[in-house]
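A.B. asks: just need the structure, nothing else, for what follows:
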Amino acid sequence: MGGGGGGEEEEGRGYKKITVGVCVMEKKVKCGSEVFSAPMEQILDRLKAFGEFEIIHFGEKVILEEPIERWPICDCLIAFHSSGYPLEKAEGYAALRKPFLVNELNLQHLLHDRRKVYERLEMYGIPVPRYAFVNREVPYQELDYFIEEEDYVEVNGNRFWKPFVEKPVDGDNHSIMIYYPSSAGSGMKELFRKVYTVGPEYAHAEARKSPVVDGVVMRNPDGKEVRYPVLLTPNEKQMAREVCIAFRQAVCGFDLLRSDGRSYVCDVNGWSFVKNSYKYYDDAACVLRKMFLDAKAPHLSSVIPPTLPWKVNEPVQPSEGRTRQGSGIIGTFGQSEELRCVIVIIRHGDRTPKQKVKLKVTEEKLLNLMLKYNGGRPRAETKLKSAVQLQDLLDATRMLVPCSRSGRGSDSEAEDLEHAEKLRQVKAVLEEGGHFSGIYRKVQLKPLKWVKVPKSNGEGEEEWPVEALMVLKYGGVLTHAGRKQAEELGRYFRNNMYPGEGTGLLRLHSTYRHDLKIYSSDEGRVQMSAAAFAKGLLDLEGQLTPILVSLVSKDSSMLDGLENASSEMEEAKARLNEIITSGARAIHSNGISECPWMTDGAGLPSNASELLPKLVTLTKKVTEQVRLLAKDEDEDLAETSPYDVILPYDQANALGKTNIDIDRIAAGLPCGSEGFLLMYARWIKLERDLYNERKERFDITQIPDVYDSCKYDLLHNAHLNLEGLDELFKVAQLLADGVIPNEYGVNPKQKLKIGSKIARRLLGKILIDLRNTREEALNVAELKSNQDQCCTSTKTEKDDKDFPPNLFIKSDDTRRSSTTSEMSMDHDDDDDKETKYRLDPKYANVKTPERHVRTRLYFTSESHIHSLMNVLRYCNLDESLQGEASLVCQTALERLYKTKELDYMSYIVVRMFENTEVALEDPKRFRIELTFSRGADLSPLEMNDRNAASLHQEHTLPIMGPERLQEVGSYLTLEKMEKMLRPFAMPAEDFPPPSTPAGFSGYFSKSASVLERLVNLWPFHKNAHTNGK
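C.D. replies: From the prediction side, this is the model:
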């Protein structure tokens, strides 16, 4: 190891080479069998190629064992701390020899303590996320100032709602935890940081998708991780400069967090290089060269030569080693079309049967509870879903349930007895599992009757509720099959819905050319379906909870609820009941009518009134068999009420399972976590609700629930061999195929009215999505046209010039033309305030950097799928659109009439294409394509299909492929689509302004830009460092 500092005199130059000392631990420069890691080796080799530098490697033996007086002497020093590194010793060497320091040594002590890092960042006015310190002497030490609750922690009165991030104080400890709220399934997830570099003048920003949040890391054929450059905002470039100056580290990694349109520095890591980027290696070598020359040989020119010395014999790098996304859409309308937008409305996956308990309550405790949580408004309904709310209800219910039950009395006491039994069932369901979780159970309290009472202040009267309807909803949990269905459908979309081949969508997503947002209703099964779908779509790893929190936004006002159409649906059900029970109908398709779906009650079987008694008889037969199975499990059940059943399992355990519990099935137990006691409670309730023997009355609204339970047990509990279940399923299916579609309107005009009320907000959002995509595409097209025109006139001039000094400064001027596409143009929800981080086309190694695809996924329930489909196919029946053709062709209308069920994972797809060869103002510039799928619409009795048989063994039915809603070759323009849907859609101006939900203000945003931990920047400002001058 040489000890000289001046280097040899270079022949013909008349000056000595500048010596650059590399004083670092070997583990920081080794990479496998290589002496130096790829980035360090690549950059140092480039520095040597300039012919102006001699590189001296100190070596670990010298650093650890030799006194600093015997260390090699150098002009410039690369030194940084790592585990086992003698930082104080290196400081002594720097004080003795006074080399130019790339990274100052004394401030590296700060990087070991995150408290000091945040203190330094705030001292320099650099934005940091909201944070608090918790200092314990020993693990789990009780602290007066620290409070931990289910969904938040409080530090010195400062409350942090989950999700939040916990980091160790030790800056070298990268075991970082994310804690998730109970509404997303609770739990925590460990993250490990990825290191990037920063500097004050040269900015190189990269995106690397977190496996937990944004997908599996893409790798090239050599197994190297693929990362893509992205554009930093001007504010982020300034932040990078300030971080570099604040810590006096010219080469330094920091983590940049982007959330809700703002950027924060959430960690500073010290020295780090970008990996596997030849463009970066070139830039870094040039920047370091200028830095060294300015510091030690300012008389020499630091202008970069026209041809970089290492480029002379360098082999040409292949453009890409991965499957690429095709640049053209090959289809009916040729290669000039580009996919611009994919909008999908998807029903959730397979679930356990939904269950409901309804009872009218007059008890003061329950009425007061309703007023407590509805703000004291006597006519407002209340929804109880949080753990605190449900605990309040359970406490009240326990006090109201009689300790003992009297024997059955006369008929006059029957209703009182039934009320008490229902209260017992409410209590049992609330006690299930021993804890509350808001995505499995919820209670609605709706006031029904009021009286006038004197005001408390004696001035006049006020209303006071005296009766309310309590509705407890439970069950409906996503099954292992539902999760599998959603994940597989996501994979199908990844491979088939986006033109191109292989990893086309993943490349779009990883290079920030994919603008993705996922919305879900408030139901747990819908949220988890969305998360599982996202896992398949983006090829994600890990559990569903982190994906749900990071990628899925809840919007219950758009994707939940039937309140807007409740009166019309009640009318439809009353008319449906009249048609079925009277038996008087002229609905059966006799082949005369060309449009059999135009008549009232279309799709109902002609013998519906005769099938009802059969349905009741078969239901009783199945229920009795389940009762005997449950009796074996609990001998006392024979003499007790079904409402007194204690549910002996935690239904939350069913969520997120991906595999069948083979041991349970082998033991003859029901699939999933359902025991025979709960299975019996499910069936006896259906039996009682389907037919009221005392009143001799059928309840046709129970038909879908009977069908639901039949289908569930045939698929998941076929091994129990319940006699008559298959026959019951056939009868229930016949009735349900007629009843379910007609609950949303007994004729097309009523279907249109109900559908437009339920899906009004969703329709408005879809139109906003399409409009924003069109505006963005037109802006990009105009910018590209202007750039193409400028390119020809400036090319020769640029070729003749030397590289300008600002080659390594990504100035805002050079990006001004793309500011429109950088900023979000959405006016929905959180889109207004969220910056779009686009691909940097100059360095991305991507052939079509201007392509951006907007994807909007809306996960919802059966009601919204039916409603949206009814508007699409019947919109032309509205008076304002008379004479217009339907958006759905005649062939598809006939197919939809024969499609009795839009089953689990059914979906509607709206894709918009741009024809780039058509004039910007031509309506045919944008074409709409409509498709739909019936979902997992295969009978569990169907065993002829080989795939169906194998999937049946896994309790999972296949999802049907997409079907066209338009004729092949037809051309639906965006203009026509907007005209047909606008009368039924919420206007854009009626959408509320964006707001950040509680608990999402820190480390998380509501969309896929969450935890994009980025950024590498390089310094070369000559005045940034004063040491060694």
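A.B. asks: ranges for the strands of the stretch 151-300 of the chain?
C.D. replies: 152-155, 158-161, 164-166, 176-179, 188-191, 202-204, 206-207, 228-229, 253-259, 262-270 (DSSP state E, counting those that start in this stretch).
A.B. asks: chain center to the first one, what's the gap?
C.D. replies: Once both centres are worked out by Cα atoms, centre = their mean, to the nearest Å, strand 152-155 turns out to sit 25 Å from its chain's centre.
A.B. asks: before we move on, the earlier item: and the strands of the stretch 151-300 of the chain, which one's lowest on average pLDDT?
C.D. replies: Note on the strands of the stretch 151-300 of the chain: lowest mean pLDDT is at strand 188-191, with a mean of 46.
A.B. asks: okay if I get the strands of the stretch 151-300 of the chain as a markdown table plus distance to Lys427?
C.D. replies: Every residue, glycine included, has its C-beta placed from N, CA and C. As requested, the strands of the stretch 151-300 of the chain are arranged in a markdown table below (distance: least, Cβ to Cβ, whole Å):
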| stretch | distance to Lys427 |
| --- | --- |
| strand 152-155 | 28 |
| strand 158-161 | 30 |
| strand 164-166 | 34 |
| strand 176-179 | 31 |
| strand 188-191 | 32 |
| strand 202-204 | 61 |
| strand 206-207 | 51 |
| strand 228-229 | 56 |
| strand 253-259 | 42 |
| strand 262-270 | 46 |
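A.B. asks: possible to save those strands as CSV with mean neighbour count and distance to Lys442?
C.D. replies: As requested, these are exported to CSV (neighbours: other Cβ atoms under 10 Å; distance: least, Cβ to Cβ, whole Å):
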stretch, mean neighbour count, distance to Lys442
strand 152-155, 16, 21
strand 158-161, 15, 20
strand 164-166, 18, 25
strand 176-179, 18, 24
strand 188-191, 15, 25
strand 202-204, 25, 49
strand 206-207, 22, 39
strand 228-229, 24, 43
strand 253-259, 23, 29
strand 262-270, 22, 34
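A.B. asks: among those, which is nearest Gly458?
C.D. replies: Closest approach to Gly458 among those is made by strand 158-161 (39.6 Å; Cβ to Cβ).
A.B. asks: so what are the sheet partners of the closest one and their directions?
C.D. replies: Strands that pair with strand 158-161, judged by DSSP bridges, come out as strand 152-155 (antiparallel).
A.B. asks: neighbouring contacts of the partner strand?
C.D. replies: Residues outside strand 152-155 that contact it (Cβ atoms under 8 Å, 6 or more residues apart in numbering): 132-134, 145-148, 159-162, 164, 999.
A.B. asks: so which of the residues you listed comes closest to His480?
C.D. replies: Nearest to His480 out of the contacts of strand 152-155 is Lys162 (Cβ to Cβ; 26.2 Å).
A.B. asks: and that closest one, what does it touch?
C.D. replies: Asp151, Tyr152, Tyr179, Tyr180, Pro181, Ser182, Gly999.
A.B. asks: again with Asp172
C.D. replies: Contacts for Asp172 (Cβ under 8 Å, 6+ apart) come out as Ser83, His112.
A.B. asks: that one and Asp267: what is the separation?
C.D. replies: According to Cβ to Cβ, to the nearest Å, Asp172 and Asp267 sit 12 Å apart.
A.B. asks: on that earlier part again, any chance of the contacts of Lys162 in CSV with distance to Cys889 as columns?
C.D. replies: Converted to CSV, the contacts of Lys162 look like this (distance: Cβ to Cβ, whole Å):
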residue, distance to Cys889
Asp151, 50
Tyr152, 53
Tyr179, 51
Tyr180, 46
Pro181, 46
Ser182, 47
Gly999, 46
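A.B. asks: ok, longest strand in this protein?
C.D. replies: Counting residues, the longest strand found in the chain (DSSP state E) is strand 461-475.
A.B. asks: strand partners (parallel or antiparallel) of it?
C.D. replies: If you go by DSSP bridges, strand 461-475 pairs up with strand 354-361 (antiparallel), strand 442-454 (antiparallel).
A.B. asks: can you show me the strands along the stretch 651-800 of the chain?
C.D. replies: So, for the stretch 651-800 of the chain - with DSSP E, counting those that start in this stretch - the strands run 691-692, 697-698.
A.B. asks: let me have these in JSON lines, adding distance to Asn103, mean pLDDT and mean neighbour count as columns.
C.D. replies: Putting the strands of the stretch 651-800 of the chain into JSON lines (distance: least, Cβ to Cβ, whole Å; pLDDT from 0 to 100; neighbours: other Cβ atoms under 10 Å) gives the following:
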{"stretch": "strand 691-692", "distance to Asn103": "81", "mean pLDDT": "90", "mean neighbour count": "16"}
{"stretch": "strand 697-698", "distance to Asn103": "81", "mean pLDDT": "90", "mean neighbour count": "14"}
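A.B. asks: now do stretch 454-462: distance from first to last residue.
C.D. replies: Start to finish, the residues bounding stretch 454-462 are 6 Å apart (Cα to Cα, to the nearest Å).
A.B. asks: show me what counts as buried in it.
C.D. replies: Within stretch 454-462, no residue is scored as buried using 16 or more other Cβ atoms under 10 Å.
A.B. asks: what's next to that stretch, contact-wise?
C.D. replies: Residues from elsewhere that reach stretch 454-462 (Cβ under 8 Å, 6+ apart): Pro378, Lys452, Val453.
A.B. asks: which of the residues you listed sits closest to Gly51?
C.D. replies: Nearest to Gly51, judged by Cβ to Cβ, of those is Pro378 at 87.5 Å.
A.B. asks: for the residue lying closest to the closest one once chain neighbours are set aside, grab the count of nearby residues.
C.D. replies: Of all residues not flanking Pro378 in the chain, Glu463 sits nearest, at 4.3 Å (Cβ to Cβ, 6 or more residues apart in numbering). Residues contacting Glu463 under the criterion other Cβ atoms under 10 Å number 13.
A.B. asks: mind listing what Glu463 touches?
C.D. replies: Going by Cβ under 8 Å, 6+ apart, Glu463 touches Pro378, Arg379, Trp450, Val451, Lys452, Val453.
A.B. asks: could you dump those residues to a markdown table with distance to Thr619 and pLDDT?
C.D. replies: As requested, those are exported to a markdown table (distance: Cβ to Cβ, whole Å; pLDDT from 0 to 100):
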| residue | distance to Thr619 | pLDDT |
| --- | --- | --- |
| Pro378 | 40 | 92 |
| Arg379 | 38 | 92 |
| Trp450 | 38 | 94 |
| Val451 | 41 | 93 |
| Lys452 | 45 | 91 |
| Val453 | 45 | 89 |
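A.B. asks: and those residues as JSON lines, adding neighbour count?
C.D. replies: Formatted as JSON lines, the contacts of Glu463 follow (neighbours: other Cβ atoms under 10 Å):
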{"residue": "Pro378", "neighbour count": "17"}
{"residue": "Arg379", "neighbour count": "10"}
{"residue": "Trp450", "neighbour count": "14"}
{"residue": "Val451", "neighbour count": "11"}
{"residue": "Lys452", "neighbour count": "9"}
{"residue": "Val453", "neighbour count": "12"}
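A.B. asks: farthest pair within the residues you listed?
C.D. replies: Greatest spatial distance among the contacts of Glu463 (Cβ to Cβ): Arg379 and Val453, at 14.3 Å.
A.B. asks: remind me what the helix or strand just after the longest strand of the chain packs against, helices and strands.
C.D. replies: Sequence order places helix 480-496 as the next helix or strand after strand 461-475, per DSSP states H and E. Contacts defined by 3 or more Cβ pairs under 8 Å, 6 or more residues apart in numbering; DSSP states H and E place helix 480-496 against helix 504-510, helix 524-537.
A.B. asks: how far away from the center of its chain is helix 480-496?
C.D. replies: The chain centre lies 14 Å from the centre of helix 480-496; the measure is Cα atoms, centre = their mean.
A.B. asks: Leu101 is nearest to which of the helices and strands packed on helix 480-496?
C.D. replies: Of all those, it is helix 504-510 that lies closest to Leu101, at 36.1 Å by Cβ to Cβ.
A.B. asks: so Ala486 sits right up against Gly349, yeah?
C.D. replies: Yes - using Cβ atoms under 8 Å, Ala486 makes contact with Gly349 at a distance of 4.5 Å.
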